[in-house]
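Student: The following block contains a protein sequence and its predicted model.
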Amino acid sequence: MTSLKTTIAGLELETCIYNASGPLCTTAEELDDLGQSMAGAILSKSATLEYRAGNEKPRYYETGWGSINSMGLPNEGYKFYADYAKQAAQYGKPYIVSVSGMGFEDNATIIKHLAGNENIKAIELNLSCPNLPGKPQTGYDFEQSRALLNRVFEVAQQPLGVKLPPYFDMPHFEMMAEVLNDFPISFATCINSIGNGLVIDTDQECVVIKPKKGFGGIGGDFIKPTALANVRKFYTLLKKDVDIIGVGGIKNGMDAFEHILCGASAVQIGTQLMREGTGCFARIAGELQEIMNKKGYSSINDFKGKLKDME
């Protein structure tokens with residue numbers, strides 16, 4: 001029997017496939033849909049202190065190779081996601097809250113409030129939102145990342161992981177790994193969208209989204225090679241008790257297989273969830289199991305992190 005069970009942050013998941021924070025995880029109805037689906041966990045939208053409407057629309061656009069968005073963190077505010085935890089418990093899968101405060105003390109306040117909630121099983125601290133006008137990504141400032149982690153670990157009780165931006169230079173991988181290895185990080189999610197891309201409608205000779213004069217985060221098929229590189233590099237650089245979660249360009253079972261081969265203990269689905277809805281989890285899981293059966297693998301641990309170099 002081929003099993004897709006996995007463990008992240010000490011939590012058991014029936015399947016290694018679940019949603020990325022962002023698409024279709026903002027409202028109670030959307031979170032319920034995730035709970036009723038074949039997703040292995042329920043991950044909330046990145047929460048801020050207060051409700052945010054987000055950036056002006058249109059702010060999301062799909063292309064043949066992926067997507068561009070500049071959502072601006074629309075969410076219901078952290079108290080909503082804390083209160084929803086009791087409802088999430090009925091689905092029997094880990095409920096994880098994504099946190100993206102607008103500053104150090106926002107993050108500390110949110111994580112301190114979530115600490116006493118037994119139905120919130122882990123926290124994913126977002127160091128990498130590229131679509132807030134005037135706000136740089138914390139994950140590209142290594143001193144600020146260290147200072148933020150120092151602050152939030154003063155109040156965190158649940159297992160805490162980080163969602164990272166994409167890195168492109170070898171020294172940057174090493175610099176961020178050095179920071180993360182100094183903290184009791186439970187997992188690292190690689191990657192958020194590639195920031196500040198531009199997509200053009202050539203018929204209209206116009207950008208396709210309104211915020212930031214058309215600049216937005218790139219996701220979907222196009223970013224998979226970058227995502228795989230980040231998964232692989234952090235799998236090799238971080239302490240072995242840190243789980244890697246792969247996200248970026250996963251639309252079928254083979255994409256998930258590649259992420260796990262690079263070292264991911266679980267994978268998250270973003271753009272494809274927007275395209276297909278929650279049915280994507282069962283389909284991708286079935287395709288991954290078919291691949292594993294053909295290769296003679298009975299669990300993801302049989303091939304996780306076993307990518308070979310050329311001799």
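Tutor: Here it is on my side, so go on.

Student: mean confidence score for the helix or strand that contains Ala147?
Tutor: Ala147 belongs to helix 142-152 when assigned by DSSP states H and E. For helix 142-152, the mean per-residue pLDDT is 95.

Student: Just the buried residues of that helix, please?
Tutor: With burial defined by 16 or more other C-beta atoms under 10 Å, the residues of helix 142-152 counted as buried are Gln144, Ser145, Arg146, Leu148, Leu149, Val152. Every residue, glycine included, has its C-beta placed from N, CA and C.

Student: which other helices and strands contact it?
Tutor: Here helix 142-152 touches helix 104-114, helix 170-180, going by 3 or more C-beta pairs under 8 Å, 6 or more residues apart in numbering; DSSP states H and E.

Student: which regions of the chain sit below the pLDDT cut-off?
Tutor: By pLDDT under 70, the weakly predicted segments of the chain are 130-135.

Student: Helices of that one, start to end?
Tutor: 28-36, 78-88, 104-114, 142-152, 170-180, 224-237, 253-262, 271-276, 279-295 (DSSP state H).

Student: Out of these, indicate the one that is most buried.
Tutor: helix 253-262 (a mean of 22; mean count of other C-beta atoms under 10 Å).

Student: Would you mind writing the CA trace of that helix as PDB?
Tutor: Taking C-alpha atoms only, helix 253-262 is exported to PDB below (Å, rounded to 0.1, in the frame of the first residue of the first chain):
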ATOM      1  CA  GLY A 253       2.100  14.400  -9.300                       C
ATOM      2  CA  MET A 254       5.400  14.600 -11.000                       C
ATOM      3  CA  ASP A 255       5.900  18.100  -9.800                       C
ATOM      4  CA  ALA A 256       5.200  17.000  -6.300                       C
ATOM      5  CA  PHE A 257       7.600  14.000  -6.800                       C
ATOM      6  CA  GLU A 258      10.400  16.400  -7.800                       C
ATOM      7  CA  HIS A 259      10.000  18.600  -4.800                       C
ATOM      8  CA  ILE A 260      10.100  15.600  -2.400                       C
ATOM      9  CA  LEU A 261      13.100  14.200  -4.300                       C
ATOM     10  CA  CYS A 262      14.800  17.500  -3.500                       C
END
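
Student: returning to that earlier point: can you redo the helices of the chain as a markdown table with distance to Glu50?
Tutor: Shown next, in a markdown table, are those (distance: least, C-beta to C-beta, whole Å):
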| stretch | distance to Glu50 |
| --- | --- |
| helix 28-36 | 18 |
| helix 78-88 | 8 |
| helix 104-114 | 9 |
| helix 142-152 | 19 |
| helix 170-180 | 29 |
| helix 224-237 | 31 |
| helix 253-262 | 34 |
| helix 271-276 | 25 |
| helix 279-295 | 31 |
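
Student: Done for today, thanks.
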